[in-house]
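Peer 1: 3D model of this:
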Amino acid sequence: MIDILIISPDPAHAGAIARIVEAGDSHHRVKTSMAELSDLCANKEALDGVDLLMFDGAQLAQQDFDALSAIATKHADLTCMLLTPSPSADLLIRAMRAGVRDVQPWPADHQDLRHAIERIATRSNGARRDGRVISFISCKGGSGTSFLAANVAFAASTAGKRALLIDLNQQFGEAAFLVSEVTPPATLADVSAQIERLDPAFLDACLTHVSDGFDVLAGAPDPAKAKEIKPDHLQRILNLVRHQYDLVIFDIGQSISNVSIAALDQSDCIFPVLQLSLPYLRGGRRLLDIFRSLGYRGEKVRVLVNRYEKKGPVGLPELEKALGLRVASVIPEDGASVSASINQGVPILRLARSSGVAKGLCELVRSLSPPQPQTERGGILQKFFGRPALSRA
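Peer 2: Next comes the predicted model:
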């Protein structure tokens, strides 16, 4: 199921297209509009959440192709489909250069059009990514939450996933420096202060690109800046990025606030991080009570024990009994490897890939991110040029 926007200056034409789409069995979410392509460029939020833009191309002018190019640049995950009578070779070439990825004749064969949409839906749900949102939150200071969040994100990238770490720690967030020596070009507070500028290009310029497939949105440099971040800012950022990454990971830190609750609400999984000692056990019980009051149930909350030692002061059975939850993940103690990773600002999978910590992080990633399915491609562009239509996955 995908979100489809159909635009045409003729409401009857838009309605006819919508009826063809809605007659299928996939239950796509369909909206129609009389807006012009240039209007969509001017309104930055008009295409938020839209997977497929279908537009009436009976009378395309050069300004429409210019608008299409701008839309394709700003919305990298959006597929544009042109509906036009008797598409010529010249029109197909201009459309392809403007970012159109599928051209269909109009009037259309109903079955052919629905098949084309299903191909796009399959590609969107696979290549576009349907990112899972994961949060790591500390039951008590010093639990290692930032280290785990940053290194899980890096481990995901080494497994072929795209991962984004958002540092939401309100106490001098420095998660970026755990995996990189690069000074972040901007922080979450900077993005929030210019939230009206938010689009893929602006956000990309604000990210720390640690490696292929791994980016970090650095935390606010001090608590005063962190207070300027609002829940609606976080929601807009999340709406933009969650379909660009396989994993969006929040480092919550220890703070429970309106902003952190907004992140937790949107999370598919929440990892309360603790260690096997009585102070952490008490903190864990309080945190789980808060989660229950917020309505977090079932598989959403997964207890993670960091720095695990078999001969610790508290055993796993005692911990599970006290918390009323089974431990979902265990990361073993390896102080030397972790300290070296933190001091050098290098991910532990680069520094000590064979360590128990690195293996535990990789296992955690495997439990979170199933492999993406392979998809096929097709459409008039493929038939005309004898090769697959370009994809911007």
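
Peer 1: from here on, contacts and neighbour counts on C-alpha atoms
Peer 2: OK.

Peer 1: Show me the shaky parts of the stretch 101-250 of the chain.
Peer 2: For the stretch 101-250 of the chain, residues meeting the criterion pLDDT under 70 lie at 123-130, 172.

Peer 1: again, only using 80
Peer 2: 120-130, 170-173, 243 (pLDDT under 80).

Peer 1: where along it do the strands fall?
Peer 2: Using DSSP state E, counting those that start in this stretch, the strands of the stretch 101-250 of the chain run over 102-105, 132-138, 163-167, 208-211, 214-217, 247-253.

Peer 1: Check which helices and strands the last one sits against.
Peer 2: Yep, that's strand 247-253 we're talking about. strand 132-138, helix 145-158, strand 163-167 (3 or more C-alpha pairs under 8 Å, 6 or more residues apart in numbering; DSSP states H and E).

Peer 1: about what we covered before: okay if I get the strands of the stretch 101-250 of the chain as a markdown table plus mean neighbour count and distance to Ser367?
Peer 2: A markdown table is the format used below for the strands of the stretch 101-250 of the chain (neighbours: other C-alpha atoms under 10 Å; distance: least, C-alpha to C-alpha, whole Å):
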| stretch | mean neighbour count | distance to Ser367 |
| --- | --- | --- |
| strand 102-105 | 22 | 36 |
| strand 132-138 | 25 | 12 |
| strand 163-167 | 28 | 15 |
| strand 208-211 | 18 | 22 |
| strand 214-217 | 26 | 18 |
| strand 247-253 | 27 | 12 |
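
Peer 1: Make CSV from those strands and add distance to Pro9 to it.
Peer 2: Converted to CSV, the strands of the stretch 101-250 of the chain look like this (distance: least, C-alpha to C-alpha, whole Å):
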stretch, distance to Pro9
strand 102-105, 17
strand 132-138, 37
strand 163-167, 39
strand 208-211, 42
strand 214-217, 40
strand 247-253, 38
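
Peer 1: Could you give the number of residues near Leu5?
Peer 2: When neighbours are defined as other C-alpha atoms under 10 Å, Leu5 has 21 of them.

Peer 1: who does whichever helix or strand it is part of pair up with?
Peer 2: For Leu5, the host element (DSSP states H and E) is strand 3-7. In the sheet, strand 3-7 lines up against strand 29-33 (parallel), strand 52-56 (parallel) (DSSP bridges).

Peer 1: From the chain's centroid, how far away is that strand?
Peer 2: On the basis of C-alpha atoms, centre = their mean, to the nearest Å, strand 3-7 sits 22 Å off its chain's mean C-alpha point.

Peer 1: buried stuff in the helix or strand that that strand is followed by?
Peer 2: Next helix or strand after strand 3-7 toward the C-terminus (DSSP H and E): helix 11-22. Judged by neighbour count using 16 or more other C-alpha atoms under 10 Å, the buried positions of helix 11-22 are Ala14, Gly15, Ile17, Ala18, Val21.

Peer 1: and what of stretch 169-181?
Peer 2: Buried, per 16+ other C-alpha under 10 Å, within stretch 169-181: Asn169, Gln170, Gln171, Phe172, Gly173, Glu174, Ala175, Ala176, Phe177, Leu178, Val179, Ser180.

Peer 1: okay, now the closest residue to the third one other than its chain neighbours: neighbour count?
Peer 2: Nearest residue to Gln171 in three dimensions, chain neighbours excluded: Pro223, at 5.6 Å (C-alpha to C-alpha, 6 or more residues apart in numbering). Using other C-alpha under 10 Å, the number of residues around Pro223 comes to 14.

Peer 1: And the pLDDT for Leu390?
Peer 2: Note on Leu390: pLDDT of 42.

Peer 1: What of Met96?
Peer 2: 80.

Peer 1: Show me what the helix or strand hosting it packs onto, helices and strands only.
Peer 2: Element membership of Met96 [criterion: DSSP H and E] is helix 89-97. Other elements packing on helix 89-97 under the criterion 3+ C-alpha pairs under 8 Å, 6+ apart are helix 62-74.

Peer 1: buried residues in stretch 179-191?
Peer 2: Val179, Ser180, Pro184, Ala186, Thr187, Leu188, Ala189, Asp190, Val191.

Peer 1: mind putting those residues in a markdown table, distance to Val365 included?
Peer 2: Below are the buried residues of stretch 179-191 laid out as a markdown table (distance: C-alpha to C-alpha, whole Å):
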| residue | distance to Val365 |
| --- | --- |
| Val179 | 17 |
| Ser180 | 20 |
| Pro184 | 25 |
| Ala186 | 27 |
| Thr187 | 26 |
| Leu188 | 25 |
| Ala189 | 28 |
| Asp190 | 30 |
| Val191 | 28 |
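
Peer 1: thinking again about what came up before, for Glu309, which of the strands of the stretch 101-250 of the chain is the nearest?
Peer 2: strand 132-138 (18.7 Å; C-alpha to C-alpha).

Peer 1: just how off-centre is that closest one within its chain?
Peer 2: So, by C-alpha atoms, centre = their mean, the centroid of strand 132-138 is 13 Å from its chain's centroid.

Peer 1: again, but for stretch 232-247
Peer 2: 5 Å.

Peer 1: Equivalent analysis for stretch 89-105, please.
Peer 2: The answer for stretch 89-105 is 29 Å, by C-alpha atoms, centre = their mean.

Peer 1: coming back round to it: tell me which of the strands paired with strand 3-7 sits most buried.
Peer 2: strand 52-56 (a mean of 22; mean count of other C-alpha atoms under 10 Å).

Peer 1: just how off-centre is that one within its chain?
Peer 2: 24 Å.

Peer 1: For the stretch 151-300 of the chain, which segments count as helices?
Peer 2: Shown for the stretch 151-300 of the chain, the helices assigned by DSSP state H, counting those that start in this stretch span residues 188-193, 200-206, 223-226, 231-241, 258-266, 278-293.

Peer 1: Tell me which residues of the second one come out buried.
Peer 2: Just to be clear, that refers to helix 200-206. Pro200, Leu203, Cys206.

Peer 1: Return the per-residue confidence for the nearest residue to the first one once chain neighbours are set aside.
Peer 2: It refers to Pro200. In this structure, Pro200 finds its nearest non-sequential neighbour in Lys74, 6.1 Å apart by C-alpha to C-alpha, 6+ apart. Predicted confidence (pLDDT) for Lys74: 78.
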